[in-house]
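Q: coords please:
(2 chains)
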Protein chains: 2
Amino acid sequence: METSLNSVYDSVIIHFSGELWLKKLWTRKYYEKRLARNIKQTLKFYQISYSELVRRHGRFYLKTDSAVEAADKLARVFGISSVSPAVETSSKLDDVIKKSLFVAGIALEVGNSFAVRCKRVGDQEYSSSDIRNLLGQKVLDEFGEKLGLRVDLGNPDIVLGVEVRDNQAFVYSQTFEAVGGMPLGVQPRLVGLFSGGIDSAVGLWMVMKRGGPVVPVYFDNSPFTDETVTDRALKVAEVLFSWAIGFPRKVYVVQHGENLKQIMQTNRKYSCLLCKRMMYRVAERLAEQLHAEGIVTGEAIGEQASQTLTNLRVLSAAVKEYPVHRPLLGFDKQETEAIGRKIGTYELSSTKAASCGAVPYQPSTKAKLEEILKAEEKLDIQAMVERSLESIKIVEL
Amino acid sequence: METSLNSVYDSVIIHFSGELWLKKLWTRKYYEKRLARNIKQTLKFYQISYSELVRRHGRFYLKTDSAVEAADKLARVFGISSVSPAVETSSKLDDVIKKSLFVAGIALEVGNSFAVRCKRVGDQEYSSSDIRNLLGQKVLDEFGEKLGLRVDLGNPDIVLGVEVRDNQAFVYSQTFEAVGGMPLGVQPRLVGLFSGGIDSAVGLWMVMKRGGPVVPVYFDNSPFTDETVTDRALKVAEVLFSWAIGFPRKVYVVQHGENLKQIMQTNRKYSCLLCKRMMYRVAERLAEQLHAEGIVTGEAIGEQASQTLTNLRVLSAAVKEYPVHRPLLGFDKQETEAIGRKIGTYELSSTKAASCGAVPYQPSTKAKLEEILKAEEKLDIQAMVERSLESIKIVEL
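A: The predicted model follows:
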């Protein structure tokens, strides 16, 4: 983005995710209210000052002198599909044309193709197509020869956009795709199993994208791992929280090493399943305490031995009162990685950290629930869950 | 694809999904065996004759005179990442160069940029870079001036590829991306709630992609819908089955209208939840009968009133012995639609069909399980499940 445009813009046009329009009116109102709150929290967090945030005709219009910076940050707010830094003017034809030519003069570069788009609401003496034709011609007259411009309505380099709203108009030349999804907080919270690895970060993010805040629970496996894993997890959690501004930034850290020691005394090929079932149980108790509506994990079918469909059933059976949600279930590894790169967790999640020393050489891929239950008979499950809950330290980031 | 190349190719190079390489040896062997079976079934289904399918050095090589058609069909087999129609020759340097120039002569067009790639396994008197340099120069000498070719190692129009494997070599000029995923059948089967709509088709496909065969169960809501919905569902199922060649092509059709009639006698705002809980129960019984390991649905968070996280918990609570898998949980509608287009279900799923007359005007988005259980007290759930199971007709497509 150019400094020159940066200093010209005084507004941001904020488009809602298309899906919001499919909701019934009362649901949409509620979602929009939540979105407005999240937008305000984000601007506050990044100390971006603004004079006004108004909802008009199916958009938010933000008035700010830091329009480009605001657009950049708001593109990461769930429920927004795109953002356009813009210049406001009156909806008088002369003003619209004059301001548009001003923006065009800054935005257009030598050899560019361009098109004019216009959307209009209200009683003006002109139509949208009047604006398109008149402004298009004026741009050609003013800059056409000098810059060697071409008109391209299909796939232009620069779209000069005009939104007329009653007595106001907004002119823009850049539209940035935003993250989409649903406003965070329109769904109840979930407890998320969070290792800081590639999958769990993306899995939890997917649920957040759909509006559900997530409380990350990290299981510290030391002495079977070391502090490198915990450090990594907390760094990745910070990135996750950057997608949830205005929501709590707490990671629940459970001491899980003692559980693992006991689990390793039973049938070794089931270690990972018994470990995971213990995590599920602790997460279930936390869900109850935190009034969450379920558990979310980064598990994908067949991604690890513990994640065959047979084993996922054995895992799910450890939890009775809450559903276990697995948004990555059908993803290939490279699809998960692509999202991880997009959201900024991949690189951190991929940094070297100690692998778990409790993983057996040949873990079971087709465990039978009866055998798992038999292995668990040797453990005092209830006591292990209680001790795990007592061990929890809340790390605020 | 050009006819001229079509008649030249005698082989297809088949690349496995990258994820297969992350598996331990015994798992990979099992997956490859399953993949070979699925490839053979696909060729048989489309009546594509072939003389040989061999696994060598981490690829499958298929010998067939219908290489382009085979490549096209195999690009839809889960577990394959890409396919290249190719010409086989001996690994003698002269033969490789001669055959490569022949392929280049057909593949290259006026103004193309090109690059030569080579991979080599075995004891030859030349290196991979010998092939690249020698062949690159020969192509320029032979066609460079005539066609106005340019060398572009980064992003060429045409890649002339050579794979040398001991005493064989394969030359190709086209590589088609395939579907990826894991070979169908390496995971146990699931029972899938299937309406024929956009979401359920994509949801079931996602699990198939990761290797789990799915038995689609369709609930016929007539008289609250009509036969247009059933017709549509069966057509969409046919498309789904085209991704599962060699596996059963059966849709389980449950008569659900009588259940709906009774459900509508209870609290209307819970109709959709009670309806869905009944579907889950029937699916659970079918999972038991069919030795499946769970249930899969097309539900996404917040996509409908019944799919808030609060309501998904209420739904999940109807099933105790099997997990409910929801691979679309974190998807925006447009992401689901994009996959639907790619796999060929979207257009059919979007055709007009009667909507369900049992849906209330304002369905509950935050149901409490106690209230749901209270509403269900008026129903003879057990009898409804039994009657539903007895009503099942298996439609073989």
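Q: Enumerate the residues of the stretch 51-200 of chain A near chain B.
A: Among all residues of the stretch 51-200 of chain A, those adjacent to chain B (criterion: Cβ under 8 Å from any Cβ of the partner chain) are A:G180, A:G181, A:M182, A:V186, A:Q187, A:P188, A:L190. Every residue, glycine included, has its C-beta placed from N, CA and C.
Q: Without its sequence neighbours, what residue ends up closest to the fourth one?
A: The spatial neighbour of A:V186 that comes closest, neighbours along the chain excluded (Cβ to Cβ, 6 or more residues apart in numbering or on different chains), is A:G211 at 4.1 Å.
Q: Near A:Y361, how many other residues are there?
A: Neighbourhood size, A:Y361 [other Cβ atoms under 10 Å in any protein chain shown]: 7.
Q: cool, the one 3 residues further on as well?
A: A:S364 is surrounded by 22 other residues when neighbours are defined as other Cβ under 10 Å.
Q: tell me the secondary structure for it?
A: coil (DSSP: H, G, I helix; E, B strand; the rest coil).
Q: Mind pulling the model confidence for it?
A: At A:S364, the model reports a pLDDT of 89.
Q: Surely it is in contact with A:A305?
A: Yes. A:S364 lies in contact with A:A305 (Cβ atoms under 8 Å); the separation is 6.9 Å.
Q: what touches both of these two?
A: Taking Cβ atoms under 8 Å, 6 or more residues apart in numbering or on different chains as the contact rule, A:S364 and A:A305 both touch A:N311.
Q: Give me the buried subset of the residues of the stretch 51-200 of chain A next to chain B.
A: The neighbour-count criterion (16 or more other Cβ atoms under 10 Å in any protein chain shown) marks A:G180, A:G181, A:M182, A:V186, A:Q187, A:P188, A:L190 among those as buried.
Q: Name the helix or strand for the fourth one, please.
A: Of the helices and strands defined by DSSP states H and E, none includes A:V186.
Q: try the third one
A: For A:M182, there is no helix or strand it lies in under DSSP H and E.
Q: now it, nearest residue through space, not along the chain?
A: Spatial nearest neighbour of A:M182, excluding adjacent residues (Cβ to Cβ, 6+ apart): A:G211 at 3.6 Å.
Q: residue contacts, the one you found?
A: A:F78, A:G79, A:G181, A:M182, A:P183, A:L184, A:G185, A:V186, A:Q187, B:I301, B:G302.
Q: List the residues that contact the fifth one.
A: Taking Cβ under 8 Å, 6+ apart as the criterion, A:P183 is in contact with A:Y31, A:E32, A:R34, A:L35, A:N38, A:V77, A:F78, A:G79, A:G211.
Q: A strand includes the fifth one, no?
A: Looking back up the chat, that one is A:N38. No. Per three-state DSSP, A:N38 lies outside any strand segment and is helix.
Q: count of residues packed around it?
A: With other Cβ under 10 Å as criterion, A:N38 counts 23.
Q: Quick check: it vs A:L74, distance?
A: A:N38 sits 9 Å away from A:L74, going by Cβ to Cβ, to the nearest Å.
Q: before we move on, what about the fourth one?
A: Relative to A:L74, A:L35 is positioned 10 Å away (Cβ to Cβ).
Q: Please apply the same query to the second one.
A: Between A:E32 and A:L74 the distance, using Cβ to Cβ, works out to 14 Å.
Q: Looking at those two, which is more packed in?
A: Remark: of A:E32 and A:L74, A:L74 carries more neighbours, 24 against 19, as counted by other Cβ under 10 Å.
Q: Can you say which helix or strand has the closest residue to that one other than its chain neighbours in it?
A: Closest residue in space to A:L74, ignoring its immediate chain neighbours: A:V83 at 5.2 Å, by Cβ to Cβ, 6+ apart. Assigned by DSSP H and E, A:V83 belongs to strand A:80-90.
Q: Tell me the helices and strands packed up against that strand.
A: Using 3 or more Cβ pairs under 8 Å, 6 or more residues apart in numbering or on different chains; DSSP states H and E, the elements in contact with strand A:80-90 are helix A:3-8, strand A:11-16, helix A:67-74, helix A:93-107, strand A:158-165, strand A:168-172, strand A:176-180.
Q: What residues of stretch A:94-110 count as buried?
A: A:V96, A:I97, A:K99, A:S100, A:L101, A:V103, A:A104, A:A107, A:L108.
Q: swap that for stretch A:216-226, please
A: For stretch A:216-226, burial by neighbour count (16+ other Cβ under 10 Å) applies to A:P216, A:V217, A:Y218, A:F219, A:D220, A:N221, A:F224, A:T225.
Q: Next, the buried residues of the helix or strand where A:L62 lies.
A: Per DSSP H and E, A:L62 falls inside strand A:59-63. For strand A:59-63, the neighbour count (16+ other Cβ under 10 Å) marks A:R59, A:F60, A:Y61, A:L62 as buried.
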